[in-house]
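Peer 1: Let me see the structure of the following:
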Amino acid sequence: MDSLEAIANTLRGVAVSGMKPKALLAAVRERHPEVTKKEVVRAAFYALTESQGDTPERLRDLHSFAITERAPDDDEPVKASKLRKKKGRKAGSAEQSAH
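Peer 2: The predicted structure is shown next:
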């Protein structure tokens, strides 16, 4: 498995303005054949956060790739659950215990 930094460096080198996500993924896989899509997306986010001297266009393209290609099915979906109400003391029992 290639390091995240190595994949990020490859992304910085192959990304050009207007490149389609599939083409970018294919270009990275030419140099890192065993890399998963998830790893490439993580490396794209890493390249964004660790960018030094990249052009705004290149950063925008990497951000667009990372956002559109992240796989929502990789993680379990988060389901909203109803909050349970705490069982409180009944008014009658509270009055009785106060006496």
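Peer 1: what residue ranges in the chain score low on pLDDT?
Peer 2: With pLDDT under 70 as the threshold, the chain has low-confidence stretches at 1, 53, 71-86, 88-99.
Peer 1: so where do the helices sit in it?
Peer 2: Remark: helices of the chain, listed N- to C-terminal, are 4-14, 21-31, 37-49, 56-69, 91-98; assignment by DSSP state H.
Peer 1: Can I get the ones you listed in CSV including mean neighbour count?
Peer 2: Glycine gets a C-beta too; all of them are placed from N, C-alpha and C. Supplementary listing: those in CSV, determined by neighbours: other C-beta atoms under 10 Å:
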stretch, mean neighbour count
helix 4-14, 18
helix 21-31, 15
helix 37-49, 19
helix 56-69, 16
helix 91-98, 8
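Peer 1: Endpoints of stretch 22-42, how far apart?
Peer 2: Stretch 22-42 has an end-to-end distance of 16 Å (criterion: C-alpha to C-alpha, to the nearest Å).
Peer 1: residues making contact with it?
Peer 2: Counting contacts by C-beta atoms under 8 Å, 6 or more residues apart in numbering, the residues outside stretch 22-42 that touch it are 1-2, 4, 6-7, 10-11, 14-15, 19, 43, 65-66, 69-71, 74.
Peer 1: could you redo the last one with a cut-off of 10 Å?
Peer 2: When contacts are defined by C-beta atoms under 10 Å, 6 or more residues apart in numbering, stretch 22-42 is touched by residues 1-4, 6-11, 13-16, 19-21, 43-44, 61-62, 64-71, 74-75.
Peer 1: Stretch 61-68 now?
Peer 2: Stretch 61-68 is contacted from outside by 8, 11-12, 15-21, 24-25, 40-48, 51, 54-55, using C-beta under 10 Å, 6+ apart.
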